[in-house]
Structure formats: C-alpha cells, structure tokens
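[1] Test case, fold it:
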Amino acid sequence: MGISYTPKSRVRDDRYLVSVKEYTQYHRDGYLIVRGLLSNDDIDRLFDLAERTRLGTLVPQEPAPKRNVADTQGNEQGDKQGYEQGDEQADEQADEQGDPLREEFAQQTRVHMVSRLDATAEWGLLHPRVLDVTEALIGPDVYALQSMMFLNPPERGGQGWHQDSYYIKTHPDTMVGAWIALEEVDEENGCLWVVPGSNHEPIYPPDGYNGGNVHAVDAFKDLGTVANVSHLDDDVNTLSKIVANYPPPISVPMKPGDVLFFHSHLFHRSFPNRTTDRYRRSYVCHYCNARSWIPWDHDGYEGDSGNYRQILARGRTHLPYAEPIYGSEVFLSEAEDESDSVRMMGMDDGMMMPVAQKKE
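    Here you go, the predicted model:
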C-alpha cells in the first residue's frame, strides 16, 4: 500500500517565515530580495571565508571530502571534469570572442564548490535561514547543488546576460539561486541586474548544441538558439536581443546579509567592478527540488545522473543523495512524519472525496 508524505517544517526560534506576498512576488517576477536574512555574525564568518579564498589560504579541510551516498544508485568516483556538464561548448564558443570569464577563473576571482573544501563554506550552503526561504519557494524537499565564492576585485569581474539553467539542468526544472551579499553591493562595484518577469521565458539553447536541453528538442516552433551567453559584450552575446524585448533591466543594490533569491530562467547579469578600491564579495549557492533528476555535477559523476553527489538539505527524496561532508546540520523528514495515504475516490453523486487508507 502506498504512503503519503506530509511535509512539516521544523520549528526553530530564528526560523524565517516566508509570506504569501513574497512567494507570489518570486514566482511572478522571478526574484525575491530578503533584507537582513543573515546576521552580522553569519556574514563575518562568510566574509572570513571570502578572505581566505582571496588570499589563497583556503585548503581542503579534514575530514577529506567524501560522498556519503544514501542510495546505491550511481558510482562514488567522479570523473573530475571540472566544468558544468554542457558548459564546455558554450565556453568554447565564447573563447572565439575573447571570453573574459576564462580570465576571471584563471585569476581566481570566482571559485566553484568551496563547500566541498571547507566546513564554513558547507555551513553557508546549508544555512538554515537560506533554506527556510528555499524550502518555501521550491520545496519542501531540497537538494543543495552548488556553491560559488565571488570576489570581483577592483576593475575585474562581471558576467553578461545568462540564465542559470542554461548551465545546470534539473528535470523537472526547479532550480533557484541564492545570492548572499558579504559587503555593500551597488552599481559601482558590480551589483546584479535582473529583468523582472523574464523567468517565464524558456531556456534558450546554445547554437548547434542539442545535448542536455532543458526542453524537449523540437517542442517549440520558434525557440531560437543563442550564442556567447555570459559574454559581457551585448553585441556578441545574442541573448541580449531577447532581453531587449523587456522594459529596461533593474539593478539590485544590497547590504551585507541581504539575500537575493532568483529563478533559474531569469535573465540576469553583472558589470565589472568600476571602483579602484573596493571588492564585491558574495557567496552564491544553487538549490533544486529534491524530486528532480540531475544530469549534472560540477566535479563530474558516473552513471545516469549526479544526484548521488548532491546534499539533501530539507525534506526527503526517493532519489540518491549525499550527506554533508563536514557534518553541517540539515533538517530532514523522518519515518514518523509519514501519514496515512490519501486518495481521491468517486462517489455515487459524481463528486470526488478524499479517502484515507491505513499504512500496512
């Protein structure tokens, strides 16, 4: 006999409760800014992580990273390919135009997957108040997928128009980003710019590449391809032509502790840091509903999916998952959360009524 899962949020003194207005605004506009979500102490801890990253003193901590897989599906040995699945061809296309992002990675102004190297980084990825919001927006079951430390020193950084699901694909497509400001962020030092409502757009695939599309190939009659996504030059990045169909983009200034949650289809970008004496440090994490199939992992994977490498951060899942490497606390649903199965049954008067069925 089947069982149902009745999701229940864990009660905490400092839990962030999302309002219906916030939920509606996120799904309407594609983004939500939660001011002061993280405390000053939390930001100090993440700022120290950013400084250790900047100074090159961030080294893998003990215990050594491991994949604690809760399901036997998948293989524990990744292929260490080092780029997002499906991202390499986009990089190659952009390189032909002199993609500045290659240099940003070479200069270590942005570092991927610090959560697999450092206990504080893992704690930040699994921060309970960030997950409180994520759980309400896309949950109740949440995978923690990715962490990125952005430094953006003076006169560097920036990324042209893009959609995050262009790079990281989940099926169903449920990803959300959480952009945590570690210091004051404004137009001068390279804040994010967003196009409200563009989250309702499909994901525009790269030209000449149909592997791993978000949407079924040939499902649209007029879904054009794009080239040089993420390139800073709008004349080169052809996604900018679609952005031009919308009202002017808006900037998102932020204070330390503010968190911007944004939909994976949202058109967004940043400009290089125009200052000569300020950084733009931010910690950016990605999540998806844990009922999603994930043909991706930043460090590679074996088998049909990378689910077994993604941390289950909230709720539960029928799919493979990993546990936190450094023991960061997560709030998962336990067996006693299960309830009797409820099914809809037709009645003699033609109405449908819920009927509880006892677990066996």
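
[2] From here on, just use CA atoms for contacts and neighbour counts.
    Noted.

[3] which residues in the stretch 101-250 of the chain form helices?
    119-125, 128-138, 240-243 (DSSP state H, counting those that start in this stretch).

[4] From the chain's centroid, how far away is the longest one?
    It refers to helix 128-138. Counting by Cα atoms, centre = their mean, to the nearest Å, helix 128-138 is centred 12 Å from the centre of its parent chain.

[5] could the helices of the stretch 101-250 of the chain be laid out in TSV, adding mean neighbour count, mean pLDDT and distance to Asn213?
    Shown next, in TSV, are those (neighbours: other Cα atoms under 10 Å; pLDDT from 0 to 100; distance: least, Cα to Cα, whole Å):
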stretch	mean neighbour count	mean pLDDT	distance to Asn213
helix 119-125	22	98	27
helix 128-138	22	98	21
helix 240-243	17	98	19
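
[6] Those helices into JSON lines, with extra columns for distance to Leu151?
    Shown next, in JSON lines, are the helices of the stretch 101-250 of the chain (distance: least, Cα to Cα, whole Å):
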{"stretch": "helix 119-125", "distance to Leu151": "14"}
{"stretch": "helix 128-138", "distance to Leu151": "20"}
{"stretch": "helix 240-243", "distance to Leu151": "25"}
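
[7] Out of the ones you listed, which gets nearest to Tyr287?
    helix 128-138 (7.6 Å; Cα to Cα).

[8] Please save the CA atoms from the closest one in CSV.
    The C-alpha trace of helix 128-138 is given here as CSV (Å, rounded to 0.1, in the frame of the first residue of the first chain):
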residue,chain,number,x,y,z
PRO,A,128,19.1,27.2,7.8
ARG,A,129,17.6,30.6,7.1
VAL,A,130,18.6,30.4,3.5
LEU,A,131,17.0,27.0,3.3
ASP,A,132,13.9,28.3,5.1
VAL,A,133,13.2,30.5,2.1
THR,A,134,14.2,28.0,-0.4
GLU,A,135,12.0,25.4,1.2
ALA,A,136,9.0,27.6,0.8
LEU,A,137,9.8,28.6,-2.8
ILE,A,138,10.5,25.3,-4.3
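
[9] what sits up against that helix?
    Helix 128-138 is contacted by residues 14-18, 23, 26, 37-38, 141-142, 174-176, 178, 287-289, 313-314, 330 when judged by Cα atoms under 8 Å, 6 or more residues apart in numbering.

[10] which among the residues you listed end up buried?
    16, 23, 26, 37-38, 141-142, 174-176, 178, 287-289, 313-314, 330 (16 or more other Cα atoms under 10 Å).

[11] Nearest to Pro272, out of the helices of the stretch 101-250 of the chain?
    Of all these, it is helix 240-243 that lies closest to Pro272, at 17.0 Å by Cα to Cα.

[12] what distance separates that closest one from the centre of its chain?
    Mean C-alpha position of helix 240-243 versus that of the full chain (Cα atoms, centre = their mean) differs by 23 Å.

[13] follow-up on the earlier one: so which of the buried ones among the contacts of helix 128-138 sit within strands?
    Residues of the buried ones among the contacts of helix 128-138 located in strands (DSSP state E): Val142, Val176, Ala178, Tyr287, Cys288, Asn289, Ala313, Arg314.

[14] ok, of those, which one's closest to Arg278?
    Ala178 (22.4 Å).

[15] Please name the residues that touch the closest one.
    Val130, Val259, Leu260, Phe261, Phe262, Val284, Cys285, His286.

[16] From Leu223, how far off is the first one?
    So the one you mean is Val130. As judged by Cα to Cα, to the nearest Å, Val130 and Leu223 stand 34 Å apart.

[17] out of the helices of the stretch 101-250 of the chain, nearest to Leu319?
    Going by Cα to Cα, the one of the helices of the stretch 101-250 of the chain nearest Leu319 is helix 128-138, 16.8 Å.

[18] Name whatever forms a beta bridge with the most centrally placed residue in the chain.
    Centroid-nearest residue in the chain: His286, 1.7 Å away (criterion: Cα atoms, centre = their mean). Bridge pairing for His286 (DSSP bridges) gives the partners Gln146, Gly177.

[19] three-state assignment of Val284?
    Using DSSP: H, G, I helix; E, B strand; the rest coil, the secondary structure recorded for Val284 is strand.

[20] what sits against the residue nearest to it when sequence neighbours are not counted?
    Among residues not flanking Val284 along the chain, Trp179 sits closest, at 4.5 Å (Cα to Cα, 6 or more residues apart in numbering). Taking Cα under 8 Å, 6+ apart as the contact definition, Trp179 lies against Val259, Leu260, Phe261, Ser282, Tyr283, Val284, Cys285.

[21] Closest to Glu187 out of the residues you listed?
    For the contacts of Trp179, the nearest to Glu187 is Ser282 (14.4 Å; Cα to Cα).

[22] The closest one: neighbour count?
    By other Cα atoms under 10 Å, the residues close to Ser282 number 27.

[23] same question, the one 10 residues further on
    Neighbour count of Ser292, defined by other Cα under 10 Å: 21.

[24] Kindly report the same for Met113.
    By other Cα under 10 Å, 18 other residues sit near Met113.
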